[in-house]
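[1] Could you look at this predicted model? Sequence included:
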Amino acid sequence: MKSIQQSLRHSDALVPNLLVLAYILLGYVGGWLLMAQPGWLLPALGVLACGHAMVIAAYLVHDCAHNALFKKVEHNTRLGRALNWFTGGCYGTYEDLRYKHMRHHVDNADTIAFDYRAWLKAHPRTEKLVFALEWAYVPAVDYMMHAVLMLAPFIGYADKAQRPRAALVLAVRFGVLALLALWSIKAVLLYALAYTLMLTVLRFFDAFQHNYEIIAILNNPDAPLPHKGDRDYENDNTYSNPISRRWPALNLLVLNFCYHNAHHVKPTLPWYKLPALHRELYGDEYQRTLAFSDQLRSYHRHRLAGIHAETYGQVPAPQAMREGRAVPVYGLSFLTAF
């Protein structure tokens, strides 16, 4: 235990991160066990437990990508890789995931390789299906992005050398799901619902945190990036979206990912230190903090417009939300490595 303590980036990191890891494991395994139970009350609790455990695992992967937990990159990488098996992000490599996310911070843009918007426009039948599913609150865009993640080395969005690894991951994950289906087909079907819950939560909090340009140049390091390194632009186009200002403990439901301005000021600061940094830097009346109720309303009203949206518009997001004009932006999850 002492060696683990010494390997951590911050001296007070052991207890909070052990608690979070225990929560992920108990929520995920316990969720599966509950989803297999008879009736619907316990299975419903299982969906919530499993889904939320995957949400927390995803946000801890994000901390690992920033080397916020351990002093050494290799230790963050090992934990990030392991957690990615919980989130389904393991179809792509952790290194590619991290590279894409670091480009987001350095470039002050959302650089992508797969432009799903252009792809949908070229495939109108699929586009109609996506619109129908999104109308019903099914995160079809995110399911499409994760499907591409599964097949990326085979369809040109990842290095061909990753094909053997990708095939092995597909075989392992779907083989385990097949075995679990023999144990409880009900649990497997409800797992799909829990996974949908995770995708929805991650997308909801991503959808309004930036008003960056989306540029399909991820694999072109020499492409022009007009706002690269521009700290003022980064600050002016980044927003925090806490679940609650009055009861900040509720923000632990998303591992404090909602303190996004503070995160961009100090990306290597771990999740449990972000509320204090936010208070220190911005106080309680920060103008680039989005009201949770406004975000819910905007997400509901404009969930279909968000399918092809690339920015919120040319006004600050809080103003656009108050006026009911803010449009969510999809397809930018840090779990997809392209």
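    On my side now, so go ahead. As the structure is a computational prediction, the values presented were derived from the model and not from experiment. Numbering: from 1, shown residues only.
[2] which other helices and strands contact the longest helix anywhere in the chain?
    Counting by DSSP state H, the longest helix found in the chain is helix 41-65. Using 3 or more C-beta pairs under 8 Å, 6 or more residues apart in numbering; DSSP states H and E as the contact test, the elements touching helix 41-65 are helix 14-35, helix 73-87, helix 94-107, helix 185-206. In short, each C-beta sits where N, CA and C put it, glycine included.
[3] Do a quick rundown of the helices in the stretch 101-250 of the chain.
    Using DSSP state H, counting those that start in this stretch, the helices of the stretch 101-250 of the chain run over 116-122, 124-135, 140-155, 163-183, 185-206, 231-236.
[4] right, so of these, which gets closest to L19?
    helix 185-206 (20.0 Å; C-beta to C-beta).
[5] Could you tell me the angle between the closest one and helix 14-35?
    Orientation note: helix 185-206 sits at an angle of 140 degrees relative to helix 14-35 (axes from the mean of the first three to the mean of the last three C-alpha atoms, to 10 degrees).
[6] Number of residues surrounding the residue lying closest to P139 once chain neighbours are set aside?
    Among residues not flanking P139 along the chain, L199 sits closest, at 4.6 Å (C-beta to C-beta, 6 or more residues apart in numbering). Residues within reach of L199, counting by other C-beta atoms under 10 Å, total 26.
[7] circling back: and the helices and strands packed on helix 41-65, which one's lowest on average pLDDT?
    Ranked by mean pLDDT, those bottom out at helix 94-107, with a mean of 91.
[8] burial of L189, as a residue count?
    The burial count for L189: 12, using other C-beta under 10 Å.
[9] For stretch 193-208, list the C-alpha coordinates in PDB.
    Extracted in PDB, the C-alpha atoms of stretch 193-208 (Å, rounded to 0.1, in the frame of the first residue of the first chain):
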ATOM      1  CA  LEU A 193     -30.100  -0.400 -21.700                       C
ATOM      2  CA  ALA A 194     -27.400   0.400 -19.100                       C
ATOM      3  CA  TYR A 195     -25.000   1.000 -21.900                       C
ATOM      4  CA  THR A 196     -27.500   3.400 -23.500                       C
ATOM      5  CA  LEU A 197     -27.700   5.200 -20.100                       C
ATOM      6  CA  MET A 198     -24.000   5.600 -20.000                       C
ATOM      7  CA  LEU A 199     -23.800   7.000 -23.600                       C
ATOM      8  CA  THR A 200     -26.600   9.400 -22.900                       C
ATOM      9  CA  VAL A 201     -25.000  10.800 -19.700                       C
ATOM     10  CA  LEU A 202     -21.600  11.200 -21.300                       C
ATOM     11  CA  ARG A 203     -23.100  12.900 -24.400                       C
ATOM     12  CA  PHE A 204     -25.400  15.200 -22.300                       C
ATOM     13  CA  PHE A 205     -22.400  16.600 -20.400                       C
ATOM     14  CA  ASP A 206     -20.200  16.800 -23.500                       C
ATOM     15  CA  ALA A 207     -22.800  18.500 -25.600                       C
ATOM     16  CA  PHE A 208     -22.600  22.000 -24.200                       C
END
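[10] what does it rub up against?
    31, 35, 46-48, 50-52, 54-55, 58, 87-88, 137-139, 141-143, 146, 239, 241, 254, 257-258, 290, 295, 298-299, 306, 312, 317, 321, 326, 328-330, 332-333, 335 (C-beta atoms under 8 Å, 6 or more residues apart in numbering).
[11] Tell me which of the helices and strands packed on helix 41-65 sits nearest to C64.
    Per C-beta to C-beta, nearest to C64 of these: helix 73-87, 3.4 Å.
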